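Visitor: Structure of the sequence below:
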Amino acid sequence: MISEPDSWFLFFFPSTSLPWLNRIPGLRFKHVMAIGFASGLNCWVIYNVHWLGVDILIVSRETLNEKISDLASGATVVRIKRKSDTMPIWSRFGFYCVPAMKHLIGLRCVALTPDGLYRKVLLSGGEIVFGCEGATIATGPDPASASAAG
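Guide: Now for the predicted structure:
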């Protein structure tokens, strides 16, 4: 059975590949992307919306285990369960990383920057699993270990 991840790990990055975006003062995070475990496919899904397009990658557990430290370098990672709310059409305005992640996790909120989304995700039950608190992401062979991380 193919299934959508019921929880997502949101990776909040303090910098981006765009120099002009990195120069904006007052923002802790400049980009956000998501990784979720698709149990029906027995693999991880990486969803990354950026200024040049959208990357959707299907990655085996083994590959993610090998690459996770590089991927998470400098990031703060928050796990949140996907909500089943329908999103208003106006919230798709300016489709970039923040509205893409709001739609992905079904979070109805007003957040325009990764910083704003980070605060709203934590207020909606997200838990930091890597980064600020020094916890680690579990990507081992048991998918349940990923949801128990932190």
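Visitor: When you work out contacts or count neighbours from here on, use the C-alpha atoms and nothing else.
Guide: Fine.
Visitor: Tell me how many other residues crowd Thr76.
Guide: 23 (other Cα atoms under 10 Å).
Visitor: Just read off the phi/psi values of it.
Guide: With angles defined as degrees, to the nearest 10, Thr76 sits at phi -110, psi 130.
Visitor: With Gly36 as the reference, measure out to it.
Guide: 15 Å (Cα to Cα, to the nearest Å).
Visitor: and if you look at Arg61?
Guide: For Arg61 relative to Gly36 (Cα to Cα), the value is 11 Å.
Visitor: hey, what's in contact with both of the two?
Guide: Trp44 (Cα atoms under 8 Å, 6 or more residues apart in numbering).
Visitor: how would you label the most centrally placed residue in the chain: helix, strand or coil?
Guide: By Cα atoms, centre = their mean, the chain has its centre lying nearest to Leu10, at 2.0 Å. Using DSSP: H, G, I helix; E, B strand; the rest coil, the structure places Leu10 in strand.
Visitor: Repeat that for Ile56.
Guide: Quick answer, by three-state DSSP: Ile56 is strand.
Visitor: tell me the contacts of it?
Guide: 45-48.
Visitor: repeat that for 7 Å
Guide: By Cα atoms under 7 Å, 6 or more residues apart in numbering, Ile56 lies in contact with 46-48.
Visitor: beta partners of it?
Guide: As for beta bridges, Ile56 partners with Tyr47 under DSSP bridges.
Visitor: Cool, thanks, signing off.
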